[in-house]
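> need a structure here:
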Amino acid sequence: MKNILALFFTIVFGSIAFAQQLPQLTQYMINNYAVNPAIAGMHDYYQVNTTIRNQWVGINDAPRTTILSIYGKKNDNVGFGGLIYNDQVGPTGRLGGSMSYTYHLNLSSTVKAAFALAGGFSQLKISASALTPEEPDNVVQGDIVRLVPDATFGFNTYGKNWYAGLSIPQLLSFNPNLYDENFHENFDKESEGKLVRHYYIIGAYKHHFDPFWAVEPSVLLKSIGSSTQFDLGVKGMYDDRMWLGAGYRTGSGDITCLLGYTISERYVFGYSYDLSTDPLSTASSGSHEFMLGIKFIKNRESDIMKMR
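So this is what the prediction gives:
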């Protein structure tokens, strides 16, 4: 039983399991505020995005993630945003939320920069009822719950058809001390269980071939300690309403595909599928991710009428 619990700690809270302390996202280029709070205010409208991800379908207690974000532009210089999320992996869970403030400034007539700071809290939990001990001595006596502060720094530069930014989630590198006294001797408390600082670099560029067709390559670099992972993707788009794309994730070797559609320039629907090429592929049928969004774009016809 101690080995089982140790495995969950390593995957969810341990610093040696790359990119598992924070939720994995395949449609990062669509719900990009979930990666970098400095995205808020880049567009002239507010939007709400919901992402639901079921990872490694077919494996018991595999990660399940839900993210709800709202963000947008207050004025030419200020953007606001907020995010809540729930990430569940076996008996371990993480529920949290944050709010962000973004300040935008002009670097030139066509290029802007944005700086953001997000702050909030995360509740980390190990549920004793979800454990199935194989040994008579249960190592967890009741649920373990911790509430810890959290912060993210974000920076973004952008122009008409491109953006590139850096974000640092888990900025505080807080140690929640989740260890039960009956098994903590199996861990180094100073290195294991700490919410380590992550470094993300995200960017995308949209190239229009004509008024209808465009292609958008994107990249997400994730660095944790000495480990680095790349998500590389490209979308083919028609009339800025319909898209089909593919990608590759280094490290795990995941091959990803995604598609989506926007209705009336406001309602966004997206789906992605990850196919694992590592040993997990023999036990899992892949990962599914669904995204729903609403863009609160002003009615252009109404604006024209007001100008008359």
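> partner strands of the strand or helix carrying residue 86, parallel or antiparallel?
In the assignment (DSSP states H and E), residue 86 maps to strand 78-89. Strand 78-89 has its sheet partners listed here by DSSP bridges as strand 64-73 (antiparallel), strand 92-106 (antiparallel).
> low-confidence regions, the protein specifically.
When residues are selected by pLDDT under 70, those of the chain lie in 1-20, 129-142, 178-193, 280-281, 299-308.
> now do the helices in it.
Listed in chain order, the helices of the chain (DSSP state H) span 2-12, 300-307.
> okay, the strand holding residue 86 in PDB with CA atoms only?
Output of strand 78-89 as PDB, limited to C-alpha atoms (Å, rounded to 0.1, in the frame of the first residue of the first chain):
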ATOM      1  CA  VAL A  78      -5.900  46.800 -18.500                       C
ATOM      2  CA  GLY A  79      -7.200  43.200 -18.700                       C
ATOM      3  CA  PHE A  80      -8.900  41.100 -16.100                       C
ATOM      4  CA  GLY A  81      -9.300  37.400 -15.800                       C
ATOM      5  CA  GLY A  82     -10.300  34.500 -13.500                       C
ATOM      6  CA  LEU A  83      -9.900  30.800 -13.400                       C
ATOM      7  CA  ILE A  84     -11.200  27.800 -11.400                       C
ATOM      8  CA  TYR A  85     -10.100  24.200 -11.900                       C
ATOM      9  CA  ASN A  86     -10.500  20.700 -10.600                       C
ATOM     10  CA  ASP A  87      -7.800  18.000 -11.200                       C
ATOM     11  CA  GLN A  88      -8.300  14.500 -10.000                       C
ATOM     12  CA  VAL A  89      -5.800  11.600 -10.100                       C
END
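> give me the buried positions along that strand.
79, 80, 81, 82, 83, 85, 86, 87, 88, 89 (16 or more other C-beta atoms under 10 Å). From N, CA and C alone the C-beta is placed, and that goes for glycine too.
> re earlier: so which of the strands paired with strand 78-89 comes closest to residue 121?
Across these, residue 121 has its closest neighbour in strand 92-106 (6.1 Å, C-beta to C-beta).
> list the buried residues of the closest one.
Buried-residue list, strand 92-106, by 16+ other C-beta under 10 Å: 92, 93, 94, 95, 96, 97, 98, 100, 101, 102, 104.
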